[in-house]
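J.: okay, here's the prediction I keep looking at, along with the sequence it came from:
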Amino acid sequence: MSNVNKKAFAKKALAGAVLLATSPAWVKTASGGDAVGKSQLGVNHLALDIVPGRNVAFCASHENIATKTGSDATPNEFSVAINPLKTNTVPIKFYVSTIWPSSQDYYIALIYSPTLLLSPAIMTNKSRNDFLLDLHSLEILALYTVAGTPPGNSLALNPPTHIGRIAPPVGSDFDFLLNLDTSILENITEDNVYIQAVLIPKADFDAQKYSQAIMSEVNTLHFVEECPPNTISAAKDGDGTLTVTDQQGDVLKTRVTASAEANATVTFGAGKGGG
């Protein structure tokens, strides 16, 4: 592969990470994919994307890039480079999409385990992605309630007119900010960390019924102190400047970005961006 083609490949591979990191309010729109039935983002699966915070670099090999699916902006597997001597904690932001307005209350959770299973731990018949995290070592990083849309706010009518048609309510994303404790890195640098997002009706979760839950793909993170050779990287320094480089270390893009330090929020309404 020529240097020109390698740069183009790297730029395309990390375009999603740059977009997410430079537009904190960015929301993903539904996209197609494979066929539980037809792939419907937010209906039978979620997308999980990750953005580096300050003093963090994401590194991806060609094999890592191949794990990116049609619903994701970023690969599902990569290395996370952190220097534990610089700071006690570093921010990493997780974006989950898409959540559609509903009359039901839901729980949305971000879950973690050091162990990945070969077969589902819980049967989720509605979800295209399996629940593959080990229940014995699983930890819930966060669990939020997504309130159902009040009947008075739902769209009852949107007929075509001479001047156009009102668009139906759009979905939104949900973001989680993890302040990673760097003191644990010496214990996990030899292993992978597995993270998934879950959306489940609140009534089902309270009744310990999980068949209607939908899952994101599993994101696999491997923590290192510096990016391995011959990897594509997106790195944010202590000043919030994001730099994207190709496998030869050539800079593809540098941008000053907002820090990933906002609280998790969810908003229904007009779309907040493109992508």
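T.: That came in fine, so what should we check first?

J.: contacts and neighbour counts: CA atoms only from here.
T.: Noted.

J.: so where is the stretch 51-200 of the chain shaky, pLDDT-wise?
T.: 70-71, 150-155, 168-169, 188-189 (pLDDT under 70).

J.: which stretches of it form strands?
T.: 56-60, 77-82, 89-99, 106-113, 139-146, 172-181, 192-201 (DSSP state E, counting those that start in this stretch).

J.: and the helices in the stretch 101-250 of the chain?
T.: Per DSSP state H, counting those that start in this stretch, the stretch 101-250 of the chain carries helices over the ranges 185-188, 202-206.

J.: tell me which of the strands of the stretch 51-200 of the chain sits most buried.
T.: strand 56-60 (a mean of 27; mean count of other C-alpha atoms under 10 Å).

J.: adjacent strands (with direction) for that strand?
T.: strand 77-82 (antiparallel), strand 232-236 (antiparallel) (DSSP bridges).

J.: how far off centre is stretch 48-59?
T.: In terms of C-alpha atoms, centre = their mean, to the nearest Å, the centre of stretch 48-59 is found 11 Å from the chain centre.

J.: now the end-to-end length of it.
T.: Terminal residues of stretch 48-59 lie 17 Å apart, using C-alpha to C-alpha, to the nearest Å.

J.: and if you look at stretch 123-135?
T.: 13 Å.

J.: could you list the buried residues of it?
T.: By neighbour count on 16 or more other C-alpha atoms under 10 Å, the buried set for stretch 123-135 is 123-124, 126-134.

J.: cool, and stretch 57-77?
T.: 57-61, 64-65, 67-68, 71-77.

J.: okay, the closest residue to residue 113 other than its chain neighbours and residue 67: tell me how far apart.
T.: Leaving aside its sequence neighbours, residue 113 sits nearest to residue 138 (C-alpha to C-alpha, 6 or more residues apart in numbering; 4.6 Å). Distance from residue 138 to residue 67, counting by C-alpha to C-alpha: 23 Å.

J.: that older thread, export the strands paired with strand 56-60 to a markdown table and tack on distance to residue 215?
T.: Output for those, formatted as a markdown table (distance: least, C-alpha to C-alpha, whole Å):
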| stretch | distance to residue 215 |
| --- | --- |
| strand 77-82 | 17 |
| strand 232-236 | 26 |
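
J.: just tell me which of those strands ends up closest to residue 162.
T.: strand 232-236 (47.4 Å; C-alpha to C-alpha).

J.: what about that closest one, distance to the chain center?
T.: On C-alpha atoms, centre = their mean, the centre of strand 232-236 falls 16 Å from the chain's centre.

J.: also stretch 190-206?
T.: 13 Å.

J.: again, but for stretch 44-61
T.: 6 Å.

J.: quick one: terminal-to-terminal distance for it?
T.: Rule used - C-alpha to C-alpha; the end-to-end distance of stretch 44-61 is 29 Å.

J.: just list the residues touching the nearest residue to residue 213 once chain neighbours are set aside, thanks.
T.: The shortest distance from residue 213 to any non-neighbouring residue, by C-alpha to C-alpha, 6+ apart, is to residue 200 (4.3 Å). Going by C-alpha atoms under 8 Å, 6 or more residues apart in numbering, residue 200 touches 106-108, 210, 212-214.

J.: ok, these vs residue 162, which is closest?
T.: residue 106 (37.6 Å).

J.: my guess is that closest one contacts residue 149. True?
T.: No. In this structure, residue 106 is not within contact of residue 149 by C-alpha atoms under 8 Å, at 10.8 Å.

J.: what's opposite residue 77 in the beta bridge?
T.: residue 220.

J.: for residue 247, see how far away it is.
T.: 17 Å.

J.: cool, and residue 49?
T.: Taking C-alpha to C-alpha, one finds residue 49 at 22 Å from residue 247.

J.: compare those two (neighbour count), which wins?
T.: residue 49 (23 against 20; other C-alpha atoms under 10 Å).
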